[in-house]
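K.L.:
here's a sequence, model it:
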Amino acid sequence: MSFLSSVHLLLRLAAQNVGRRLLRSLFLGLAIMIAVGVGFAGAVLGWSLHNGVLTSFSRMGADLVIVPHGALINLTSTLLTVQPTELELDESLGEALRRAPGVVVAAPQRLVRAGVEGRSISLIAYDPRRDFTIEPWLPQGLRSSLGAEELLVGERVPQKPGETISICGRTLTVVGRLRHTGVGPVDESYFLTFAGLDGLIAAAPRAAVARAPDAEELHHREPLHAHHSASPATCLPDLAPDKMSAYLLQLSAGASLEQARFAIGQIPGIKVVSGNPIFTTARQSLGSLLWGVGAFAALLILALLFVVTLLFSAIVQERYREIGMLRAMGARPGQIIAITLLESVLITGAGGVAGVAFGALLIFFAARSMGFYFESLGVPLDGPPDEFIVVAGVVCLVFGLALGVVGALFPGRRAIRLEPAQMIQMDGA
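P.N.:
A predicted model of the protein is given here:
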């Protein structure tokens with residue numbers, strides 16, 4: 001018998017076995033469908049909910065803010081912000097803060113005043129790679145890497161996305177508007193990357209030369225009183241390189257706010273300001289909650305594996321005489337196991353495919369109901385990338401097949417250890 005003929009025969013026998021107890025096969029496939037569907041929907045919705053809740057916590061501001069000693073801080077119920085000041089921190093302080101115990105992220109910011117079209121505006125430079133307090137305020141689906149010639153604007157800024165603004169002779173494009181934060185300095189500011197700020201600093205001397213004031217302008221111009229003030233002629237104050245206005249810190253799940261504050265407070269020349277400790281505790285507890293949900297899901301999967309194994313043990317046991325006859329007629333042990341595994345693959349494979357479709361249906365209904373509810377609470381539920389959805393579906397499908405294979409493998413191996421004559425004489429279950 002050729003290999004293809006042998007495979008065809010084994011598939012035929014497995015299909016016949018599935019059809020013998022059709023109701024039992026349907027219930028087993030239904031169990032796999034529910035497991036795969038709930039797993040697929042849980043992975044996609046869990047990703048969205050996890051990122052949405054983290055975004056909401058990020059909107060509450062940093063756990064700790066590091067500023068120069070004597071700097072001004074705007075402390076609100078939801079957000080910590082820093083005011084432009086002559087006092088600044090060295091860029092090298094960032095590495096020391098990232099090595100501090102309990103610190104996960106140290107996001108630098110630099111706040112300056114710029115002169116644009118006869119008025120003064122606030123510029124806040126930030127690092128998109130480390131930011132966790134600015135871009136979370138963008139509307140759903142608008143988060144992306146900010147370019148050196150692009151700006152984000154606060155909710156009260158008149159410019160709209162798509163419009164341009166000229167600063168120091170450089171044209172910058174507004175690509176996004178933050179949602180209303182309720183904090184004036186944030187809602188009225190322009191946000192750019194450090195690379196964008198460096199470009200403005202390099203262009204400022206050329207802009208000052210091109211806009212040199214005449215005698216009448218010098219007579220009517222008000223004097224500059226502060227290092228960080230800016231006139232339309234200067235466009236930017238004289239900024240020293242490698243300086244920061246503040247570092248915003250986010251702590252790890254198990255870190256103590258007081259211990260981190262004490263350790264960082266040993267650094268001279270800085271002031272440590274704490275955010276709302278309730279928000280910090282809630283954000284840190286989110287990781288523990290997710291681990292608990294994952295452990296509960298693992299226990300449910302283990303219970304399902306026991307059920308599948310028990311069911312296939314009964315299936316194999318009731319066919320002892322049939323298996324014994326096949327063995328006596330020359331069937332090899334590997335072929336006996338193959339029939340059992342193929343039967344499980346047919347059932348769990350069909351259940352897995354139906355489970356992915358069932359999970360997609362659950363995601364659709366959850367997005368139409370739970371998504372609107374969380375959106376009304378201000379918790380964004382952005383969908384995961386398409387690659388994540390495809391990988392989650394494939395993994396859940398393969399996992400459903402693996403449940404059936406593992407559940408059928410142990411009873412099949414146990415059956416082939418018995419002698420054919422002994423199996424023929426045994427009663428089925």
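K.L.:
next one: the host helix or strand of residue 394 to chain centre, how far?
P.N.:
Using DSSP states H and E, residue 394 sits within helix 386-416. Centroid separation between helix 386-416 and its chain, computed with CA atoms, centre = their mean, to the nearest Å, is 26 Å.
K.L.:
could you pull out the buried residues of it?
P.N.:
Buried residues in helix 386-416, counted by 16 or more other CB atoms under 10 Å: 389, 392-393, 396-397, 399-401, 403-405, 407-409, 411-412, 415-416. All C-beta spots, glycine's among them, are computed from the backbone N, C-alpha and C.
K.L.:
residue contacts, residue 168?
P.N.:
114, 200, 203, 204, 206, 207, 235, 236 (CB atoms under 8 Å, 6 or more residues apart in numbering).
K.L.:
between those, which is nearest residue 308?
P.N.:
residue 200 (63.9 Å; CB to CB).
K.L.:
element containing that closest one, please.
P.N.:
Per DSSP H and E: helix 194-210 holds residue 200.
K.L.:
tell me the mean pLDDT over that helix?
P.N.:
The pLDDT scores in helix 194-210 average 81.
K.L.:
now, of the contacts of residue 168, which are buried?
P.N.:
Buried subset of the contacts of residue 168 (neighbour count, 16+ other CB under 10 Å): 114, 200, 203, 204, 207, 235, 236.
K.L.:
helix, strand or coil for the first one?
P.N.:
Counting by DSSP: H, G, I helix; E, B strand; the rest coil, the backbone at residue 114 sits in strand.
K.L.:
correct me if wrong: it contacts residue 235.
P.N.:
Yes. Using CB atoms under 8 Å, residue 114 is in contact with residue 235, at 6.1 Å.
K.L.:
identify the contacts common to these two.
P.N.:
Looking at what touches both residue 114 and residue 235 (by CB under 8 Å, 6+ apart), the common residues are 167, 168, 200.
K.L.:
C-terminal to the helix or strand of the chain with the lowest mean pLDDT, what's the next element?
P.N.:
Between all helices and strands in the chain, the lowest mean by mean pLDDT, DSSP states H and E belongs to helix 215-220, at a mean of 47. For helix 215-220, the succeeding helix or strand toward the C-terminus, using DSSP H and E, is strand 243-244.
K.L.:
partners of that following strand, with directions?
P.N.:
strand 89-90 (antiparallel) (DSSP bridges).
K.L.:
what lies in contact with the partner strand?
P.N.:
Contacts of strand 89-90 (CB under 8 Å, 6+ apart): 66, 67, 68, 242, 243, 244, 245, 246, 247, 270.
K.L.:
buried residues, the helix or strand that that strand is followed by. List them.
P.N.:
Towards the C-terminus, the helix or strand next in line after strand 89-90, according to DSSP H and E, is helix 93-98. Residues of helix 93-98 classed as buried by neighbour count (16+ other CB under 10 Å): 93, 94, 97.
K.L.:
closest one of those to residue 291?
P.N.:
Taking the buried residues of helix 93-98 together and measuring to residue 291 by CB to CB, the closest member is residue 97, at 27.1 Å.
K.L.:
what are the ranges of the helices in this structure?
P.N.:
3-20, 22-59, 93-98, 184-187, 194-210, 215-220, 257-264, 277-317, 320-328, 333-376, 386-416, 420-425 (DSSP state H).
K.L.:
among those, which is nearest residue 120?
P.N.:
Judging these by CB to CB, what sits closest to residue 120 is helix 184-187, at 13.2 Å.
K.L.:
what mean pLDDT does the closest one have?
P.N.:
78.
K.L.:
got the CA positions of it in PDB?
P.N.:
What follows is helix 184-187 as a C-alpha-only set of coordinates in PDB (Å, rounded to 0.1, in the frame of the first residue of the first chain):
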ATOM      1  CA  GLY A 184      -4.100  75.800  31.200                       C
ATOM      2  CA  PRO A 185      -0.300  75.500  30.500                       C
ATOM      3  CA  VAL A 186      -0.900  72.300  28.600                       C
ATOM      4  CA  ASP A 187      -4.000  73.300  26.700                       C
END
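K.L.:
give me the neighbour count for the nearest residue to residue 91 once chain neighbours are set aside.
P.N.:
Once flanking residues are discounted, residue 91 sits nearest to residue 242: 4.2 Å by CB to CB, 6 or more residues apart in numbering. Per other CB atoms under 10 Å, the neighbour tally for residue 242 reads 9.
K.L.:
now do residue 12
P.N.:
So residue 12, with other CB under 10 Å, has 12 neighbours.
K.L.:
and it, how far from residue 126?
P.N.:
Using CB to CB, to the nearest Å, residue 12 is found at 65 Å from residue 126.
K.L.:
next one: residue 28
P.N.:
For residue 28, the distance to residue 126 - CB to CB - is 54 Å.
K.L.:
do the same with residue 248
P.N.:
Relative to residue 126, and taking CB to CB, residue 248 is found at 9 Å.
K.L.:
the two: which is more packed in?
P.N.:
Counted by other CB under 10 Å, residue 248 and residue 126 do not tie: residue 248 has more neighbours, with 27 against 24.
K.L.:
give me the nearest residue to the more buried one, chain neighbours excluded.
P.N.:
residue 62 (3.7 Å).
K.L.:
try residue 241
P.N.:
Nearest non-adjacent residue to residue 241 (CB to CB, 6+ apart): residue 201, at 7.7 Å.
K.L.:
what about stretch 257-271, start to end distance?
P.N.:
15 Å (CA to CA, to the nearest Å).
K.L.:
residue 163 touches residue 174, doesn't it?
P.N.:
Yes. Contact criterion CB under 8 Å: residue 163 and residue 174 qualify, at 5.3 Å.
K.L.:
the two: which is more packed in?
P.N.:
Of the pair residue 163 and residue 174, residue 174 is the one with more neighbours under other CB under 10 Å, namely 18 against 12.
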